[in-house]
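S.K.: what follows is a predicted structure for the sequence shown.
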Amino acid sequence: MIEVSHISKDFVAPKKYPGLRGAVKGLFSTEKVVKTAVDDISFSIDTGEIVGYIGSNGAGKSTTIKMMTGILVPTKGTCTVAGINPSRSRKENAQNIGVVFGQRTQLWWDLPLSESFTILKEIYDVSDAVYAEQMEFLNRVLELQDFFDRPVRTLSLGQRMRADLGAALLHNPKVLYLDEPTIGLDLVVKDNIRKAIKEINEKYRTTVILTTHDIGDIEELCSRIIIIDEGRKIYDGSLSALKDSYGTKRKVTMEIKQPEKAKKLRLHEVLGVEEAACSTEVHLENSMLYVTFDKHRLQVPQILSAVMAVVEVKDVQIQETELAEIVKEIYHHGAGGEA
């Protein structure tokens, strides 16, 4: 459905100089500064996939989305959506895509929502029969009927987001771009919108590209994520593979008796390995003992056996590294090259 091949996007701006003299000099200078927002990115997305496209602020997410929607033309490389070059065939491409921006709306602010939908119906040349069928489905999954006749400006944030999602889906697009679709929403509304996106994807095989900072959106919706940093792709794969590759830390929490005995616990000595190779962190708080370790070097039974040789264990909990921590670490330090 989407094929992105070695696309790059450079922005050229006049060079700025500091101070008043610099401002005057800038009026006559012909020097330019080139900022590369997207740097040689390639990926392909199949029909019906829900893909999380994530990165820190300024990483190049929005620029990539704008090239895929046809708003921007790549400096280098090619991009096709449903076999169409978005920037060369913008009207034809617009018939195939829907876009929801969390901070912007495509609805008419002072008009009732029903009239906004009627206008969009005419813009996209949706037949009466298809419109009726689509509205029946959208009312069921998004519950638009509760505020369908109210002006858009009177809607709450959650209602407006549901309305924007419905408007983007009115013409049943092949590809849906979602930019922070749950930003600022409460947990109940977030859950409802996520369920709606899942049902739309299952019913129509709509391809969904999701950019978000909400890890919950990614875990609930996406089977695959693409991570970019400073304009370059650094990871492209499944959530499970990401956790396996980068979520190497595992934590065992144990409730123990006689915690004073655990104060002198030297885990590497009990395990019979060198301290550097052990790669563990041991923390004692009252009767709770926390052991963090590299799951590729040690196994849970080894940790439990070592601790139980010193103290009696009353209860055990095992925690994998949370996706939020993995993504945060990648944002800070990168993924060690493109994955």
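M.R.: Cool, got the structure.

S.K.: tell me which stretches of the stretch 201-339 of the chain form helices.
M.R.: 215-221, 239-246, 259-262, 267-271, 275-278, 300-308, 323-333 (DSSP state H, counting those that start in this stretch).

S.K.: comparing those, which gets the lowest mean pLDDT score?
M.R.: Looking at the helices of the stretch 201-339 of the chain, the lowest mean pLDDT belongs to helix 275-278 (a mean of 55).

S.K.: now do the contacts for S87.
M.R.: Taking C-beta atoms under 8 Å, 6 or more residues apart in numbering as the criterion, S87 is in contact with M67, G70, L72, V73, P74, C79. For glycine as for every other residue, the C-beta is placed from the backbone atoms N, C-alpha and C.

S.K.: and these, which are buried?
M.R.: M67, G70, L72, P74, C79 (16 or more other C-beta atoms under 10 Å).

S.K.: for P86, see how far away the first one is.
M.R.: What it means is M67. 7 Å (C-beta to C-beta, to the nearest Å).

S.K.: what residues are shared contacts of the two?
M.R.: Joint contacts of M67 and P86 (C-beta under 8 Å, 6+ apart) are C79.

S.K.: picking that back up, in strands, which of the contacts of S87 appear?
M.R.: Under the assignment DSSP state E, the contacts of S87 contribute C79 to strands.

S.K.: for L120, state which of the contacts of S87 is nearest.
M.R.: Proximity of the contacts of S87 to L120 was ranked by C-beta to C-beta; the top entry is G70 with 18.2 Å.

S.K.: contacts only, for that closest one.
M.R.: So G70 contacts P86, S87, S89, R90, N93, A94 (C-beta under 8 Å, 6+ apart).

S.K.: swap the cut-off to 7 Å and go again
M.R.: P86, S87, R90, N93 (C-beta atoms under 7 Å, 6 or more residues apart in numbering).

S.K.: and the nearest residue to it once chain neighbours are set aside, what does it touch?
M.R.: Leaving aside its sequence neighbours, G70 sits nearest to P86 (C-beta to C-beta, 6 or more residues apart in numbering; 3.3 Å). Shown in contact with P86 (C-beta under 7 Å, 6+ apart): M68, T69, G70, C79, N93.

S.K.: closest to E281 out of those residues?
M.R.: Nearest member of the contacts of P86 to E281, counting by C-beta to C-beta, is M68, at 42.7 Å.

S.K.: from E285, how far out is that closest one?
M.R.: Between M68 and E285 the computed distance is 49 Å (C-beta to C-beta).

S.K.: can I assume the residue nearest to G70 sits in a strand?
M.R.: No. If the criterion is DSSP: H, G, I helix; E, B strand; the rest coil, then P86 is coil and not within a strand.

S.K.: got the phi and psi for it?
M.R.: phi -60, psi -40 (degrees, to the nearest 10).

S.K.: neighbour-wise, which of M68 and E285 wins?
M.R.: Each of M68 and E285 has its neighbours counted (other C-beta atoms under 10 Å); M68 has more, 26 against 9.
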